[in-house]
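Enquirer: Give me a 3D structure for the following:
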Amino acid sequence: MASSSDLESKAKEAFIDDHFELAIDLYSQAIALCPSNADLFVDRAQANIKLQSFTDAVSDANKAIELNPANTKAYLRKGVACINLEEFQTAKTALETGASLAPGDSRFTTLIKECEKRIAEETEELTKQLVDKAPTNVVNLNNLPPAIGLSSQGTTVSSSKPKYRHEFYQKPDEVVVTVFAKGIPANNVVVDFGEQILSVTIEVPGEEAYNFQPRLFGKIVPAKSRYTVMSTKIEIRLAKADTLQWASLEFKADVAVVQKAIVSSGNKKPAYPSSKPKRVDWDKLEAQMKKEEKDEKLDGDAALNKFFKDIYGDADEDTKRAMSKSFIESNGTVLSTNWKEVGAKKVEGSAPDGMELKKWEY
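Expert: As a prediction, the model looks like this:
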């Protein structure tokens, strides 16, 4: 029977020959013989990156960091995998930790700069989306849907045969995932949060480890997410990064659904499919939807709302400022496009004929 070191040597040879799947298989065999060797997880993470299995690469890097927090390559692998998953904040945090352990390694500096650039681009894009969504909020303040309570979805399917059943439901600001694992000690459970990744590992002596690592439908705030190990289950609360209604727990590349915000604007779509499914051309899809929306024939309030939205979308900055200011200050009773007039004074509300305007009592 081959030893762990023999399997590691063969895995490295396979990697050099670009036989990445074989390398992963050999590394996995070596890990089974020596599960406390952090370097094996680091090298398998690199092979997973070559195969674009970025979620698996993050999982391997996290395990390596758990085994050896001073392993600089583990932070580098995690940073690279997270960048490919477009989880730039998580990548930046990992790379900064690695840079502090290896201050002379220029790879960390280069990748950190790339993360900062992409984070700035995401922030700018989000701001632009919020501005683009503004007319819907301006016109439809009185037509917002009632607050949505708990919504339940069916059980999602893990990439491997599940050992424990799991399900989820959601609120406007969080998603609650329940893994029904009975009688598991808290120190046998490891839960990691990424910007769009959830990693759950349950290790029971004498049994194969349970791993649940879905790429989530939407982004979350790792710092605000938490979990609790109970006697009959593990309850995981994912803090949403935005108030979107998730269509499922896991992101699916073939689900081209533009979700509407539950309470406010700020609509964002997952941008990078994990592993190797067919990509969706989001720009083409968005252009097609805009064309269909433009060609749609509306009547009544819908037609009026679309009319105001078109005015706002084609207007210059002064006109947009005038429309927003007049609508907000008048409590939705005045909509002006004249910034010179609106900008010079507060816009007073104007009640329709036969009605009386009253101030809202807080």
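
Enquirer: use CA for all of it now, contacts and neighbours both
Expert: Will do.

Enquirer: shaky segments in this structure?
Expert: Residue ranges of the chain with pLDDT under 70: 129-162, 253-287, 289-308, 351-362.

Enquirer: quick one: the strands in it?
Expert: Remark: strands assigned in the chain by DSSP state E are 151-152, 166-170, 174-179, 189-193, 198-202, 210-212, 226-229, 234-239.

Enquirer: who does the last one pair up with?
Expert: Looking back up the chat, that one is strand 234-239. Strand 234-239 sits in its sheet next to strand 174-179 (antiparallel), strand 226-229 (antiparallel), going by DSSP bridges.

Enquirer: So which of those strands has the densest surroundings on average?
Expert: strand 174-179 (a mean of 19; mean count of other Cα atoms under 10 Å).

Enquirer: Run the angle between it and strand 198-202 for me.
Expert: Interaxial angle, strand 174-179 versus strand 198-202 (axes from the mean of the first three to the mean of the last three Cα atoms, to 10 degrees): 20 degrees.

Enquirer: CA atoms of strand 174-179 as PDB?
Expert: The C-alpha trace of strand 174-179 is given here as PDB (Å, rounded to 0.1, in the frame of the first residue of the first chain):
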ATOM      1  CA  GLU A 174     -32.000  37.200   6.500                       C
ATOM      2  CA  VAL A 175     -32.100  33.600   5.400                       C
ATOM      3  CA  VAL A 176     -32.400  30.900   8.000                       C
ATOM      4  CA  VAL A 177     -30.900  27.500   7.100                       C
ATOM      5  CA  THR A 178     -31.600  24.500   9.300                       C
ATOM      6  CA  VAL A 179     -29.400  21.300   9.200                       C
END
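
Enquirer: who touches it?
Expert: For strand 174-179, contacts defined as Cα atoms under 8 Å, 6 or more residues apart in numbering pick out 164-170, 233-240.

Enquirer: hmm, which of those residues are the buried ones?
Expert: Listed as buried from the contacts of strand 174-179 are 166-170, 233-240; burial here means 16 or more other Cα atoms under 10 Å.

Enquirer: between the strands paired with strand 234-239, which gets nearest to residue 23?
Expert: strand 174-179 (32.0 Å; Cα to Cα).

Enquirer: Pull up the gap between residue 191 and residue 174, please.
Expert: 17 Å (Cα to Cα, to the nearest Å).

Enquirer: separation between the residue nearest to residue 330 when sequence neighbours are not counted and residue 340?
Expert: Here the nearest residue to residue 330 in space, its sequence neighbours aside, is residue 349; by Cα to Cα, 6 or more residues apart in numbering that works out to 4.0 Å. For residue 349, the distance to residue 340 (Cα to Cα) stands at 18 Å.

Enquirer: Good, wrapping up.
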